[in-house]
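> Whatever this is, show me its structure:
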Amino acid sequence: MKKIVLVGQNGQVSSYLQRVLNGDYELEVLSREQLDLSQVDSIQAVLEASAPSLIINPAAFTAVDLAEERQQEAMTINRDAVAEIAAFCTKSQTPLIHFSTDYVFAGDANEPYSETDATGPNGVYGQSKLEGEQAILAANAPAIILRTSWVYSNRGKNFYKTMLNLSSTRDELSVVADQVGAPTYAGSIADATKKIAERILEQGGLDEEQFGVYHFTCQGQTSWAEFAKAIFVENEVNTVTVNGISTEEYPTPAKRPAFSVLNGDKLSRVFGVSLPHWGTALAHCAAETKTR
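Numbers count the residues shown, from 1 in each chain. Reported below is the predicted structural model:
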């Protein structure tokens, strides 16, 4: 049986990947205790001992605002650790699926970004993730980099759960209405990633023309305020009024991209995989919420 090593145990994407991969493959989930990405010198030895057929890395320093304070920690985990994983993959020719973010872009576009568009992160988090991508590409690792966005689910800390939690104590919420992107359900990410992993393992690795960056989000686009309204509709919460506000009215330590919609055509063309529309995925997430 082919062995998949999953880096990180408790994150949103890892949690859903464990659900869909368990049983079909030998799956080794490396918790922080087993593989601490802040201890970069030990990473290659841990991976070598695991002897994977495929590595999937959704683990990252994802606290966008906190990254502005803890720049070195964000760079160590999102850049330096990734460089070590990439070096192992190059040396052993082990294929890698690595997750990145829409925050590598400045957000000043008016149409969905393609993989070849110029990057320009606004903050430390986006810069650290971009430098992680660059480390993989510089190593010529047999890897694909999946840029996703606005990840949410019934696990961990995320916008979806925050909105539902606030709805139990508030009847009015002010939510940013001038940032546009694609909410992407971690369950949809896991389902699509499994299809890609199956393809890679079936063909015995990644072909060189498959290496590189792919955009990997749910289809369509919306604002945070409209997403909040949709969350309440899908969860049959009709006691909350959502008021749209500007980014200036809700300042944060890290600047967010105003527009970060990603074009997923390349992923569909190369791997025959696409994620559902964000509204469809939200309905699936809400159905799961009702069973919890």
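> Could I get the pLDDT score of Gly23?
Gly23 carries a pLDDT score of 86 in this model.
> which phi and psi does it have?
The phi/psi pair for Gly23 (degrees, to the nearest 10) reads phi 100, psi -40.
> Would you mind stating the distance between it and Ile43?
Note on Gly23: its distance to Ile43, by C-beta to C-beta, to the nearest Å, is 27 Å. From N, CA and C alone the C-beta is placed, and that goes for glycine too.
> More neighbours: which of those two?
Neighbour totals were compared for Gly23 and Ile43, and Ile43 leads with 22 against 8 (other C-beta atoms under 10 Å).
> quick check, the more buried one in a helix?
Yes. Counting by DSSP: H, G, I helix; E, B strand; the rest coil, Ile43 is located in a helix.
> Not counting its neighbours along the chain, what's nearest it?
Nearest non-adjacent residue to Ile43, counting by C-beta to C-beta, 6 or more residues apart in numbering: Glu84, 4.1 Å away.
> pLDDT below threshold where in the stretch 1-150 of the chain?
In the prediction, the stretch 1-150 of the chain carries no residues with pLDDT under 70.
> residue ranges for the strands of it, please.
With strands called from DSSP state E, counting those that start in this stretch, the stretch 1-150 of the chain shows them at 3-7, 26-30, 54-57, 96-101, 143-148.
> got those as JSON lines, with mean neighbour count and distance to Asp207 columns?
Below are the strands of the stretch 1-150 of the chain laid out as JSON lines (neighbours: other C-beta atoms under 10 Å; distance: least, C-beta to C-beta, whole Å):
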{"stretch": "strand 3-7", "mean neighbour count": "23", "distance to Asp207": "19"}
{"stretch": "strand 26-30", "mean neighbour count": "18", "distance to Asp207": "24"}
{"stretch": "strand 54-57", "mean neighbour count": "26", "distance to Asp207": "14"}
{"stretch": "strand 96-101", "mean neighbour count": "26", "distance to Asp207": "14"}
{"stretch": "strand 143-148", "mean neighbour count": "25", "distance to Asp207": "11"}
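> Turn these into a markdown table, columns for distance to Glu111.
Formatted as a markdown table, the strands of the stretch 1-150 of the chain follow (distance: least, C-beta to C-beta, whole Å):
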| stretch | distance to Glu111 |
| --- | --- |
| strand 3-7 | 33 |
| strand 26-30 | 38 |
| strand 54-57 | 30 |
| strand 96-101 | 19 |
| strand 143-148 | 16 |
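> Gln179 is nearest to which of these?
Gln179 sits nearest to strand 96-101 of all the strands of the stretch 1-150 of the chain, at 14.3 Å, using C-beta to C-beta.
> quick one, what contacts Asp24?
Residues near Asp24 by C-beta atoms under 8 Å, 6 or more residues apart in numbering: Lys194.
> I meant Glu48, not that one.
Neighbouring residues of Glu48 by C-beta under 8 Å, 6+ apart: Phe88, Ser92.
> Could you do Lys129 as well?
If you count contacts by C-beta under 8 Å, 6+ apart, Lys129 has them with Ala60, Asn78, Ser100, Thr101, Tyr103, Val104, Pro121.
> ok so, going back, please name whichever of the strands of the stretch 1-150 of the chain is nearest to Ala287.
Using C-beta to C-beta as the criterion, the shortest distance between Ala287 and these is 21.2 Å, found for strand 143-148.
> and Leu35, how far is that from Asn22?
As judged by C-beta to C-beta, Leu35 and Asn22 stand 19 Å apart.
> what do you get for Val13?
Val13 is 15 Å from Asn22, by C-beta to C-beta.
> more crowded one of these two?
A count of neighbours by other C-beta under 10 Å puts Val13 above the other of Val13 and Asn22, at 28 against 10.
> Please verify my assumption that that one contacts Ala60.
No. In this structure, Val13 is not within contact of Ala60 by C-beta atoms under 8 Å, at 9.5 Å.
> shared neighbours, the two?
Taking C-beta under 8 Å, 6+ apart as the criterion, Val13 and Ala60 both touch Phe99.
> mind listing the helices in the stretch 151-292 of the chain by residue range?
Assigned by DSSP state H, counting those that start in this stretch, the helices in the stretch 151-292 of the chain fall at 159-167, 186-202, 224-234, 265-271, 278-291.
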